[in-house]
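compute the structure for the input listed below.
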Amino acid sequence: MFVHILTRLFQSLVTMAAMAVLVFVGVFAIGNPVDLLINPEADQAEMAAAIARLGLDQPMWRQFLSFVSGLLQGNLGTSFVHNAPALGLILERMPATFELALLAMIFAIVIGVPAGLVAGLYPERLVGRGIMGASILGFSLPTFWVGLMLIMVFAVWLGWLPSTGRGETRSLFGIEFSFLTLDGLRHMFLPALNLAIFKVSLVTRLARAGTREVLLQDYVKFARAKGLSPARVIFVHVLKNMMIPVVTVIGLEFGSVMAFAVVTESIFAWPGMGKLLIESITRLDRPVIVAYLMLTVLLFVTINLIVDLVYSVFDPRVRLSESS
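From the prediction side, this is the model:
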């Protein structure tokens, strides 16, 4: 087990190092933020002073060393636009994105797992075929179009729910959250539902495939042969074993929902990390873009590491193969 943990930690560090190089090359070597931050009528002296202040007059290798040094110290630079620590700006917006992603994944679990279970138990019936058809539709519809339709139906036509903003918030441990107030939950519902539609389809298909596979196992046939009730067979033997791969994928998908909520946050004007990223890209605010990308990489690497370790706990074969 100790060897397995060391191996996964080393792989995670290598991944972070490789992504640091890619992020730097992909962000720092493209575009010139001075063109957007400085008045076009400024003279050469003002332009040179601004370039020196932002550290853009240094050679690329020296900028990279400065970037790595700051990264190791938890300092990802100062925002060109906001004149504040870039990491602080990202962390300030993170709770809004976190609670939105969490509600979206709750929707995915609450809707997708029962739907997939039913579709797996009755694959040839109308209800099973209907669920699978709906999941294909959920995969196919573009997120931005679904968001606009949700706004048109529930906010414009029916007037049931607000379409933009975060609503009323309440502080918990010094952090503002929307889910603690009724108005905040009303504002969260549409963007969370928009984020959840694709994940509901994914969880439904995974649950359906897992159910079909578990139903063929000997322990399910033996449970039925012993005369156990259908409900006990389904909820004790089928559901428990079907959820193992589903839970793993849900853990990984939670990171992707947080990282790629850009479109949804832009459509619903949700003040999260994605909306800040779009604003930073349009203004070429490099430190904020880098902070977002590196935090996203760290989130994915951490979640993958946790999933690997949890798998090694439940499946000794993983530990044995890693040790060999």
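
V14 versus L6, what's the distance?
Distance of L6 to V14, computed by C-beta to C-beta, to the nearest Å: 13 Å. The C-beta positions use only the backbone N, C-alpha and C, and glycine is treated the same way.

oh sorry, the question was meant for V220
42 Å.

so for the two, which sits in the more crowded spot?
V220 (17 against 11; other C-beta atoms under 10 Å).

can you give me the pLDDT of that one?
pLDDT for V220: 83.

and what about it, helix, strand or coil?
helix (DSSP: H, G, I helix; E, B strand; the rest coil).

and S201, how many neighbours?
With other C-beta under 10 Å as criterion, S201 counts 25.

check contacts around it.
Residues in contact with S201, defined by C-beta atoms under 8 Å, 6 or more residues apart in numbering, are 112, 134-139.

and with 7 Å instead?
135, 138-139 (C-beta atoms under 7 Å, 6 or more residues apart in numbering).

swap in P85?
By C-beta under 7 Å, 6+ apart, the contact set of P85 is T78.

so how far is Q44 from it?
30 Å.

low-confidence ranges, the stretch 51-200 of the chain, go.
Residues of the stretch 51-200 of the chain meeting the criterion pLDDT under 70: 54.

and the strands in it?
Here the stretch 51-200 of the chain has its strands, by DSSP state E, counting those that start in this stretch, at 170-172, 175-177.

reformat those strands as a markdown table; add mean neighbour count and distance to V297.
Output for these, formatted as a markdown table (neighbours: other C-beta atoms under 10 Å; distance: least, C-beta to C-beta, whole Å):
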| stretch | mean neighbour count | distance to V297 |
| --- | --- | --- |
| strand 170-172 | 11 | 28 |
| strand 175-177 | 16 | 23 |
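
now these in TSV, with distance to L102?
Compiled in TSV, these are given as follows (distance: least, C-beta to C-beta, whole Å):
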stretch	distance to L102
strand 170-172	13
strand 175-177	10
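
of all the ones you listed, which one is nearest V257?
strand 175-177 (17.1 Å; C-beta to C-beta).

counting contacts, what elements does that closest one pack onto?
helix 86-121 (3 or more C-beta pairs under 7 Å, 6 or more residues apart in numbering; DSSP states H and E).

other SSEs contacting the helix it packs on?
Helix 86-121 packs on helix 126-140, strand 175-177, helix 182-215, helix 239-259, helix 273-282, helix 286-314, going by 3+ C-beta pairs under 7 Å, 6+ apart.

if we go to 6 Å?
helix 126-140, helix 182-215, helix 239-259, helix 273-282, helix 286-314 (3 or more C-beta pairs under 6 Å, 6 or more residues apart in numbering; DSSP states H and E).

nearest to L76, out of the ones you listed?
Of all those, helix 286-314 comes closest under C-beta to C-beta, at 4.2 Å.

buried ones in the closest one, by neighbour count?
Buried residues in helix 286-314, defined by neighbour count with 16 or more other C-beta atoms under 10 Å: 286-297, 299-301, 303-305, 307-308, 312.

quick one: that helix to helix 239-259, angle?
170 degrees (axes from the mean of the first three to the mean of the last three C-alpha atoms, to 10 degrees).
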